[in-house]
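**Q** got a structure for you, letters missing:
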């Protein structure tokens with residue numbers, strides 16, 4: 001991956017294991033990992049990243065100090081397995097949040113013999129302008145059971161005909177958030193990570209019940225359909241979340257390569273909006289939507305043997321191989 005595939009800042013945190021040993025929270029810096037259970041006074045004994053996020057304001061200074069020390073206990077990153085960096089209790093997903101992406105999908109989903117492509121583009125662009133003016137994001141709920149590691153295989157179910165990729169910036173909640181205003185929302189974001197929010201395209205819309213609308217349960221939540229990580233990068237090291245490069249390569253070819261500048265609603269607006277209805281808890285994920293360049297746009301969907309490589313500026317990179325799920 002490119003230079004921006006490396007995590008920014010002096011350190012990040014993640015979840016690791018060695019051999020058949022148990023998983024542990026680790027501090028990663030300069031290609032090394034420190035088992036956080038050895039650091040005194042860390043919240044939750046440093047056993048899990050979610051324990052750290054429960055008291056992130058207390059944990060962060062201790063993590064900074066540990067990263068600056070060159071003591072014993074550091075392990076080479078190359079010798080460890082890297083797992084999803086956090087186990088969220090809730091996943092809040094954002095739909096239709098990148099202007100170009102939505103326009104491209106509208107064209108791709110138009111039935112044969114339907115409206116001309118240019119008409120679809122114009123009408124969808126007008127709809128996106130209206131949404132932005134009304135200031136109402138579109139969000140729905142994902143299941144934590146769909147989460148897998150940043151280097152794990154993605155299993156494509158035998159009933160899935162149109163699996164598609166959607167690389168996204170994910171905000172990770174630290175302080176609990178309920179009914180917070182937009183100008184305070186980023187104070188509740190402890191870190192950022194990468195999520196590939198895979199979609200079963202043919203399952204999104206219920207053809208048998210068009211009045212009901214979408215079926216996100218089947219479309220978004222098969223096991224392994226949310227590769228997450230590799231790390232949690234503290235928000236202080238990320239800079240402007242509205243100016244990051246989101247890149248996904250399929251078998252070495254760039255499919256998505258856009259800036260988060262194309263988001264209609266930024267991270268602060270999405271967190272604030274979600275918190276008006278849901279109590280966001282430490283470790284929860286707020287996914288921010290995916291930019292243009294999905295498989296539906298290219299006419300090329302995922303199949304067994306495909307390799308997806310995803311990166312976002314300053315957050316590292318993930319690599320997942322697609323395999324056929326065995327019943």
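**A** Here it is on my side, so go on. It should be emphasised that the depicted structure is a prediction, and the values quoted were computed from it without experimental measurement.

**Q** show me where the stretch 201-327 of the chain has helices.
**A** With helices called from DSSP state H, counting those that start in this stretch, the stretch 201-327 of the chain shows them at 216-220, 267-275, 295-298.

**Q** Residues in contact with the shortest one: which ones?
**A** Counting by CB atoms under 8 Å, 6 or more residues apart in numbering, helix 295-298 makes contact with 104, 105, 108, 109, 162, 163, 164, 165, 201, 255, 301, 302, all of which sit outside it. Just so you know, the C-beta spots here come from the backbone N, C-alpha and C atoms, and that holds for glycine as well.

**Q** try 6 Å this time
**A** The contact list for helix 295-298 (CB atoms under 6 Å, 6 or more residues apart in numbering) reads 104, 105, 108, 164, 201, 301.

**Q** and it, which residues are buried?
**A** By neighbour count on 16 or more other CB atoms under 10 Å, the buried set for helix 295-298 is 295, 296, 297.

**Q** I'd like the residues you listed written out as JSON lines, with distance to residue 217 and pLDDT added.
**A** What follows is the buried residues of helix 295-298, written out as JSON lines (distance: CB to CB, whole Å; pLDDT from 0 to 100):
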{"residue": "295", "distance to residue 217": "21", "pLDDT": "95"}
{"residue": "296", "distance to residue 217": "20", "pLDDT": "89"}
{"residue": "297", "distance to residue 217": "24", "pLDDT": "88"}
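
**Q** Nearest to residue 98 among the residues you listed?
**A** Of all the buried residues of helix 295-298, residue 297 has the smallest distance to residue 98: 11.6 Å, by CB to CB.

**Q** any idea of the mean pLDDT for stretch 79-90?
**A** Averaging pLDDT along stretch 79-90 yields 98.

**Q** in that stretch, what counts as buried?
**A** 80, 82, 83, 84, 85, 86, 88, 90.

**Q** Out of the residues you listed, list just those in strands.
**A** Among those, the residues falling in strands (DSSP state E) are 82, 83.

**Q** of the buried residues of stretch 79-90, closest to residue 226?
**A** Taking those together and measuring to residue 226 by CB to CB, the closest member is residue 84, at 8.4 Å.

**Q** For the protein, which helix or strand comes out least confident on mean pLDDT?
**A** In the chain, the helix or strand scored least confidently by mean pLDDT, DSSP states H and E is helix 99-109, which has a mean of 77.

**Q** low-scoring stretches of the stretch 1-150 of the chain, by residue?
**A** 1-5 (pLDDT under 70).

**Q** Could you pull out the strands in it for me?
**A** Counting by DSSP state E, counting those that start in this stretch, residue ranges of the strands within the stretch 1-150 of the chain are 12-17, 24-29, 32-35, 74-76, 81-83, 91-95, 138-142, 147-148.

**Q** quick one: which of those strands is nearest residue 56?
**A** strand 12-17 (10.3 Å).

**Q** Point out the other helices and strands that the closest one packs with.
**A** strand 24-29 (3 or more CB pairs under 6 Å, 6 or more residues apart in numbering; DSSP states H and E).

**Q** List the strands paired with the strand it packs on, with their directions.
**A** Sheet pairing for strand 24-29, assigned by DSSP bridges, gives strand 12-17 (antiparallel), strand 32-35 (antiparallel).

**Q** Number of residues surrounding residue 184?
**A** When neighbours are defined as other CB atoms under 10 Å, residue 184 has 14 of them.

**Q** Could you tell me how far it is located from residue 318?
**A** 31 Å (CB to CB, to the nearest Å).

**Q** Go ahead and report the secondary structure state at the residue most central in space within the chain.
**A** Geometric centre of the chain, nearest residue: residue 195, 2.2 Å, by CA atoms, centre = their mean. Under DSSP: H, G, I helix; E, B strand; the rest coil, residue 195 falls in the strand class.
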